[in-house]
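Student: Okay, sequence plus prediction incoming.
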Amino acid sequence: MPEESRRAVPTALPDADVITSDAPGSFPRSVMCERHPALIRRVIEAFPYPSELRARLYALREEATEGVITPLDEDAHDRDAWLEWGLAEYVGTPWTRAPFLWAESYFYRRLLGALDYFGTGPWQGVDPFAPFKRAELTGAEAAAEVGALDSLTELTPRDRDRALLLSSLWGNRADLGFQVGGGDTSAAVPDLVCDDSADLWELLEARAGGRVCLVADNAGRELLSDLVLIDTLLASDRAREVVLHVKPGPYYVSDATTADVLDGLRHLCAAGGAAERTGTRLWRAMVHGRLRVRAHPFSCAPLPYRDMPADLAEEFASASVTLMKGDLNYRRLVGDRHWPATTPFAAVTAYFPGTVAALRTLKSDVVTGLDRAVVDGLEAGGKAWRTSGTHALVQLAGA
Ligand SMILES: O=P(O)(O)OC[C@H]1O[C@](O)(CO)[C@@H](O)[C@@H]1O
């Protein structure tokens, strides 16, 4: 494990093992050995890749399910970054024995490499997940979401705020990697397992006029809801400026890139009604610098935020609040470890430079900050509440 990740967690925290995917029957194992092969199949079906590229994908599938981690090419543009992020330490290790977070991330890096995404040939820069993202953006659920904006004017400002926050939160269920695994995105929405949203709105009010960072997760429906939330914050001046953090390249299937933000904006601008007005305001906000998009390399790093570089830490420190969207960001925020679910969220995020709020649908084993009674109730239900995407949370710390 890289030196940084080995850094001991504060003593007040319980000792919690880093999650790996070596246990048969575990959720991480199913991601590595079932979802990833299924994803490779879908990508191959979605593009007329020549045989050389297809062969590389098959080789990656075999390596990542049955083999050991192999290095990047000597001349890979990001080899140094990956060496810094622990690559040398994991080369030769079975994929399932490396930390789950690290191995998943490296899988996406290798998938892009196999498809010449970083090369100089004709497949350079072709997002292998674009067809899935496009279908999601133009699907019925996204259309319903956009259409619903017209009726928001009937709500009180307080109810409107809450509706927009919940829309951004539950939009996170639309994650395409999750759907590849057969997750049920249409299941009834239950109560949140933790809800600090009232405190979050109070804080946004109290710190009006500051800069809000929103660390985005998925493109498509989720990003549309995020953009609408951003518009509300800007229009009400609860944020003077918003920095929208996206991924510098395709990642975890549907994670948003700058191109996806532009697609989302265009989609809103062409939608008519309230959505179009929102899109137009956001377009102007980008032009005038009130909405900035940032694609920091660390956004695709296989490490927890505890290991973030100084420039990113400075940015989060100067924000009135950082909104962390989604499951992967949550794992990176609290550390991808087997925390007891009652471990205080404030304790696992104490290192974070500034105030942070997590808006997350539960889609992996990691969770913190829950009340004992809530955990007992969920466990008694006998369902896969941690991983099935049926539950969500809003958590705030560092205020
Ligand atoms: O899009 P999200 O909410 O970050 O979810 C991605 C999640 O999906 C998984 O990749 C599993 O499919 C998790 O490991 C990951 O945390």
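Tutor: Noted; the coordinates are in hand. Numbers count the residues shown, from 1 in each chain.

Student: So for the residue of the stretch 1-150 of the chain found nearest the ligand, what's the pLDDT?
Tutor: Closest approach of the stretch 1-150 of the chain to the ligand (CB to the nearest ligand atom) occurs at Val31, with a separation of 4.6 Å. (C-beta placed from N, C-alpha, C; glycine too.) Val31 is assigned 97 on the pLDDT scale.

Student: In a helix, it, correct?
Tutor: Yes: counting by DSSP: H, G, I helix; E, B strand; the rest coil, Val31 is located in a helix.

Student: Test my guess that it contacts Glu104.
Tutor: Yes: between Val31 and Glu104 there is a contact under CB atoms under 8 Å: 6.7 Å.

Student: Specify which residue of those two has the higher count of neighbours.
Tutor: Glu104 (26 against 23; other CB atoms under 10 Å).

Student: Run through the residues of the stretch 201-350 of the chain sitting next to the ligand.
Tutor: Contacts of the stretch 201-350 of the chain with the ligand, taken as CB under 6 Å from any ligand atom, map to Asp217, Asn218, Tyr252, Gly326, Asp327, Leu328, Arg331.

Student: what comes up buried for the host helix or strand of Val243?
Tutor: Element membership of Val243 [criterion: DSSP states H and E] is strand 239-245. Going by neighbour count (16 or more other CB atoms under 10 Å), the buried part of strand 239-245 is Ala239, Glu241, Val242, Val243, Leu244, His245.

Student: of all those residues, which comes closest to the ligand?
Tutor: Closest to the ligand, out of all of those and judged by CB to the nearest ligand atom, is His245, at 13.2 Å.

Student: residues in contact with the closest one?
Tutor: Cys213, Leu214, Val215, Ala216, Arg294, Ala295, His296, Ser299 (CB atoms under 8 Å, 6 or more residues apart in numbering).

Student: who wins for most neighbours among these?
Tutor: With neighbours defined as other CB under 10 Å, the most crowded of those is Ala216; it has 28 neighbours.

Student: I'd assumed Tyr251 was in contact with that residue.
Tutor: No: counting by CB under 8 Å, Ala216 does not reach Tyr251; the two are 11.2 Å apart.

Student: now could you export just the CA positions of the strand holding Val243 as PDB?
Tutor: What follows is strand 239-245, C-alpha atoms only, in PDB (Å, rounded to 0.1, in the frame of the first residue of the first chain):
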ATOM      1  CA  ALA A 239     -23.200  30.500  -3.400                       C
ATOM      2  CA  ARG A 240     -21.400  33.400  -5.000                       C
ATOM      3  CA  GLU A 241     -19.400  30.900  -6.900                       C
ATOM      4  CA  VAL A 242     -19.600  27.100  -7.500                       C
ATOM      5  CA  VAL A 243     -16.700  24.900  -8.500                       C
ATOM      6  CA  LEU A 244     -17.900  21.700 -10.100                       C
ATOM      7  CA  HIS A 245     -15.300  18.900  -9.800                       C
END
